[in-house]
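Peer 1: Take a look and give me a structure for this.
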Amino acid sequence: MAVADQLGHLKGRKGAFRIALIPPEVLDALNDGLLETVNLNEFLALELPRLARSVAGHIGLDAESERLADTIAMLGAFKPMQRHGHIARALYDLTALHGERDAVAHRLATHASDVARCWAAQWVTLSGLPLAAQLEAVRRFAADPHFGVREIAWMAVRDAVIGSLDESIVLLQPWVLDADPNIRRFASELTRPRGVWCAQIEALKTEPWRALPLIEPLRADTSRYVQNSVANWLNDASKSQPEWVDKVCARWVAESDAAETRYIAKRALRTLSK
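Peer 2: Residues are numbered from 1 along each chain as shown. Here you go, the predicted model:
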C-alpha cells in the first residue's frame, strides 16, 4: 500500500488545540514530510532538523550534506520563522550544485508537505529574477490549496513589489480578474499598505489611491476570502488616510448595492468606527 493511502485516515483531522495533544502518528508523519499541517500548533510542533533531512532526501539531495548540517546546527540562534528561511536557503544552495536542478526544484514545489512547498516559495526571493519573472514563479504557490503556502507566497515577493511599486500594480491587474479567488486575494494581500509580519509599503500608506486599479475590481467579489483581504487593505489605509478610505467606501456602497460591498465597507471602516 502506498504511503499516501496509509495516511489517508489522518488527512481529514481538525488538528489538536494544544501541541501536547497531537497524536504521535500525526507528528511522525509531519516530521517525515508525508503530511500537511492543519493548524498553527502542528506547524509549531515540527522538528525542523528531522523534516529538513526528510525533505532533502525526498527531492534527491544529500540529507547528510555538510551545508545542511551546518544550517541545522545554527537554527537555535534564530527566531522560528527565520529558521525556515535558512533551511530554504540551504536547500537552494544544494540544488544549485545538482545536475538536475529543475527536477529537484519541481519535486520541492510539489512536495506532500506544505512546509516543503513554503521553502520552495521562498526560493523565489533568492532567485534574483526580475519582478515579472518572480511573480510568474510565485503564482503556483499563490494558488496552493494550503493556506500557509499562500501566505509565504506573497511574503516572498513583498520586498520586490515595494522596490518596483508602479510596475507591480500594472503587472498585478490581470490577477484581480482571475477566476481563482486565491490569485485575486494574493494581489490584494501582497499590496496591503501595512500587512502582517512584513515590511510596510510607505508609498501606499501615504498615497493608497495609487493601488485603486487593484482593489476597485474586487469591491463586490463573491469570495469571503477576497472580501476580507480587501477590507483589511482599506483598514490599513484608514490609519493614515482616513478621509480617503471613508469616501471610497461611501462611493462603493452608493454605486454597488451588493451585500459583498456592504460587508467590505463595514469591515474596512472598523478602525474609524471605534
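
Peer 1: can we go C-alpha only for contacts and neighbour counts from here?
Peer 2: Will do.

Peer 1: now the helices for the stretch 101-250 of the chain?
Peer 2: Listed in chain order, the helices found in the stretch 101-250 of the chain under DSSP state H, counting those that start in this stretch are 101-109, 114-126, 131-142, 147-163, 165-172, 181-190, 202-206, 212-215, 224-238, 242-255.

Peer 1: Can you say which of the ones you listed is nearest to Ala20?
Peer 2: Ala20 lies closest to helix 114-126 among the helices of the stretch 101-250 of the chain, at 20.3 Å (C-alpha to C-alpha).

Peer 1: tell me the average confidence for the closest one?
Peer 2: Per-region confidence: helix 114-126 scores 97 on mean pLDDT.

Peer 1: Centre of the chain to that helix, how far?
Peer 2: 9 Å (C-alpha atoms, centre = their mean, to the nearest Å).

Peer 1: Stretch 85-103 now?
Peer 2: The chain centroid and the centroid of stretch 85-103 are separated by 20 Å, computed with C-alpha atoms, centre = their mean.

Peer 1: CA-only coordinates of that stretch, as PDB, when you get a sec.
Peer 2: The C-alpha trace of stretch 85-103 is given here as PDB (Å, rounded to 0.1, in the frame of the first residue of the first chain):
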ATOM      1  CA  GLY A  85      14.400  30.900   5.600                       C
ATOM      2  CA  HIS A  86      17.800  29.400   6.500                       C
ATOM      3  CA  ILE A  87      16.600  25.900   5.600                       C
ATOM      4  CA  ALA A  88      15.200  27.100   2.300                       C
ATOM      5  CA  ARG A  89      18.500  28.800   1.500                       C
ATOM      6  CA  ALA A  90      20.500  25.600   2.300                       C
ATOM      7  CA  LEU A  91      18.300  23.500   0.100                       C
ATOM      8  CA  TYR A  92      18.500  26.200  -2.600                       C
ATOM      9  CA  ASP A  93      22.300  26.200  -2.500                       C
ATOM     10  CA  LEU A  94      22.500  22.400  -2.600                       C
ATOM     11  CA  THR A  95      20.100  22.300  -5.600                       C
ATOM     12  CA  ALA A  96      22.300  24.900  -7.400                       C
ATOM     13  CA  LEU A  97      25.100  22.300  -7.400                       C
ATOM     14  CA  HIS A  98      22.800  19.400  -8.500                       C
ATOM     15  CA  GLY A  99      23.000  18.100 -12.100                       C
ATOM     16  CA  GLU A 100      19.200  18.000 -12.300                       C
ATOM     17  CA  ARG A 101      18.300  21.300 -10.700                       C
ATOM     18  CA  ASP A 102      14.900  21.700 -12.400                       C
ATOM     19  CA  ALA A 103      13.800  18.300 -11.400                       C
END
